[in-house]
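Asks: quick one, fold the following:
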Amino acid sequence: MKKIIIGTFVISNLLFGGINSNDTIDYEEFDKMLSSELTRSLANEFAKNLPIQIDYLTTMTNIFGIGNRVISRKQLRITHKNIKNFWKSDKNGLIKAMYKLDSQSVCNEPIWQYLILKRDVIAEFNYLDTNNKPLFNYTVEKVDCEKII
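Replies: Take a look at the predicted model:
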């Protein structure tokens, strides 16, 4: 039953970009699960649909849950003409921009709000280049979402 509920939430987010803000979500089944079980199950369901092209620069290649963390791995095309110079001249600016996009995305999505604010789950983002060389990483935690919401 837990897999069906988790799968339904994951698929609805993939297909519809989230749940209508007028709808209420019953987290009763999630409340019965340990955070480590919940993060692993959600990540495993989402991983079935990977890789996903997020935009012309970014592809999510992997996601997994460990303990109270959901770790997303994304490839960033830093050699693309639109960001190549920006990456060379202002890496910190690009990292801040990516952090802002990721944190606003997770902090404004109802299931992520529940996970981060109520269950103290940490969203970790690991960025790699297209050769899988690590570029940067960061986390989005409860304190980050409290500033956004």
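Asks: just the helices from the chain, written as ranges.
Replies: For the chain, applying DSSP state H gives helices covering 2-16, 28-31, 35-47, 84-89, 91-107, 110-113, 119, 142-148.
Asks: so which of the ones you listed is nearest residue 70?
Replies: Nearest to residue 70 among the helices of the chain is helix 35-47 (5.0 Å), distances taken as Cβ to Cβ. C-beta: built from backbone N, CA, C; applies to glycine.
Asks: that closest one - contacts with which helices or strands?
Replies: helix 2-16, strand 58-66, strand 69-76 (3 or more Cβ pairs under 8 Å, 6 or more residues apart in numbering; DSSP states H and E).
Asks: convert the shortest one to CSV, retaining C-alpha atoms only.
Replies: In other words, strand 69-76. Extracted C-alpha coordinates of strand 69-76, given in CSV (Å, rounded to 0.1, in the frame of the first residue of the first chain):
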residue,chain,number,x,y,z
ARG,A,69,18.5,12.9,2.9
VAL,A,70,17.2,12.8,-0.7
ILE,A,71,20.3,13.2,-2.9
SER,A,72,19.7,14.4,-6.5
ARG,A,73,22.5,14.2,-9.1
LYS,A,74,22.3,16.6,-12.0
GLN,A,75,24.5,17.1,-15.0
LEU,A,76,25.1,20.7,-16.0
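Asks: re earlier: kindly reformat the helices of the chain as JSON lines containing mean neighbour count and mean pLDDT.
Replies: JSON lines is the format used below for the helices of the chain (neighbours: other Cβ atoms under 10 Å; pLDDT from 0 to 100):
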{"stretch": "helix 2-16", "mean neighbour count": "14", "mean pLDDT": "44"}
{"stretch": "helix 28-31", "mean neighbour count": "14", "mean pLDDT": "87"}
{"stretch": "helix 35-47", "mean neighbour count": "19", "mean pLDDT": "93"}
{"stretch": "helix 84-89", "mean neighbour count": "12", "mean pLDDT": "92"}
{"stretch": "helix 91-107", "mean neighbour count": "16", "mean pLDDT": "95"}
{"stretch": "helix 110-113", "mean neighbour count": "18", "mean pLDDT": "92"}
{"stretch": "helix 119", "mean neighbour count": "17", "mean pLDDT": "95"}
{"stretch": "helix 142-148", "mean neighbour count": "14", "mean pLDDT": "95"}
